[in-house]
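Enquirer: the following block contains a protein sequence and its predicted model.
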Amino acid sequence: MASFRGTIRSEALKMKTKLTVIIPDTLQSTDCYPVVYLLHGLSGNADDWSDGSQIWLLAKAYNLIFVIPEVQRSFYTDMEFGPAYFTYISQELPALCKKLFPISPKREDTYIMGLSMGGYGALKIALKNPDVFSGAISLSGVLNIAKSAEDVTWDRDFTLIWGEDYKNALPGSEDDLFYLTDNIKGEKPRIFISC
């Protein structure tokens, strides 16, 4: 099994950020593998999946490349008062990884999945980019972001992410998964949700 754990420079984020990539050891020089972008939860980081799961075994068993980015507490969103994490994950990172690693460029070979906050991010990214991602998995995801906005626990984070008026701005917006599902354009990604 091969892995890359390091720091890359992101133009979208305007800073360096951590990245982990796991590559199966069956790699041949002409191979291009399907890819799964793995998104961490609110209190996690880029090390969670590689250190706390069996993705090493899955990479080998299914000949998959796993790309695990770092996004802090961003909810995979271009933040009102912070970095552009949605742009980074949905556009910049896939383009960069396809240049650096033997990743298939085909839509049918491109998936995204996440846990909790990452489950929300996986669905949001796939629903807004159905031409790129053929499937998304949300594990214990924050699915109703508008309802979550009513919880005062999120006030600081949500203000940084969506601005002062987030409680009114989120329902029916491009960040609302229900709105995105109803208004998806193009071929729909396959979706699996589990709690």
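Expert: Everything's here; your move.
Enquirer: residue boundaries of the helices in the protein?
Expert: 48-52, 55-62, 85-87, 93-100, 117-128, 145-148, 155-162, 166-169, 177-182 (DSSP state H).
Enquirer: contacting residues for Phe75?
Expert: By CB atoms under 8 Å, 6 or more residues apart in numbering, Phe75 lies in contact with 85, 117, 120-121, 142, 145, 157, 161, 175. Placement of C-beta: from N, CA and C, glycine included.
Enquirer: with neighbour count as added columns, please give the residues you listed in JSON lines.
Expert: Listed next are the contacts of Phe75 as JSON lines, based on neighbours: other CB atoms under 10 Å:
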{"residue": "Tyr85", "neighbour count": "26"}
{"residue": "Met117", "neighbour count": "23"}
{"residue": "Tyr120", "neighbour count": "26"}
{"residue": "Gly121", "neighbour count": "32"}
{"residue": "Val142", "neighbour count": "21"}
{"residue": "Ile145", "neighbour count": "25"}
{"residue": "Asp157", "neighbour count": "17"}
{"residue": "Ile161", "neighbour count": "23"}
{"residue": "Asp175", "neighbour count": "24"}
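Enquirer: TSV for those, including distance to Tyr37 and pLDDT?
Expert: Output for the contacts of Phe75, formatted as TSV (distance: CB to CB, whole Å; pLDDT from 0 to 100):
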residue	distance to Tyr37	pLDDT
Tyr85	13	98
Met117	14	96
Tyr120	14	98
Gly121	9	98
Val142	17	94
Ile145	20	92
Asp157	22	93
Ile161	20	96
Asp175	19	96
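Enquirer: and those, which is closest to Ala95?
Expert: Tyr85 (15.5 Å; CB to CB).
Enquirer: quick check: that closest one touching Arg73?
Expert: No - counting by CB atoms under 8 Å, no contact exists between Tyr85 and Arg73, whose distance comes to 9.8 Å.
Enquirer: between the helices of the chain, which one is closest to Lys16.
Expert: Across those, closest to Lys16 is helix 93-100 (CB to CB), at 13.0 Å.
Enquirer: show me what the closest one packs onto, helices and strands only.
Expert: strand 35-39, strand 65-69 (3 or more CB pairs under 8 Å, 6 or more residues apart in numbering; DSSP states H and E).
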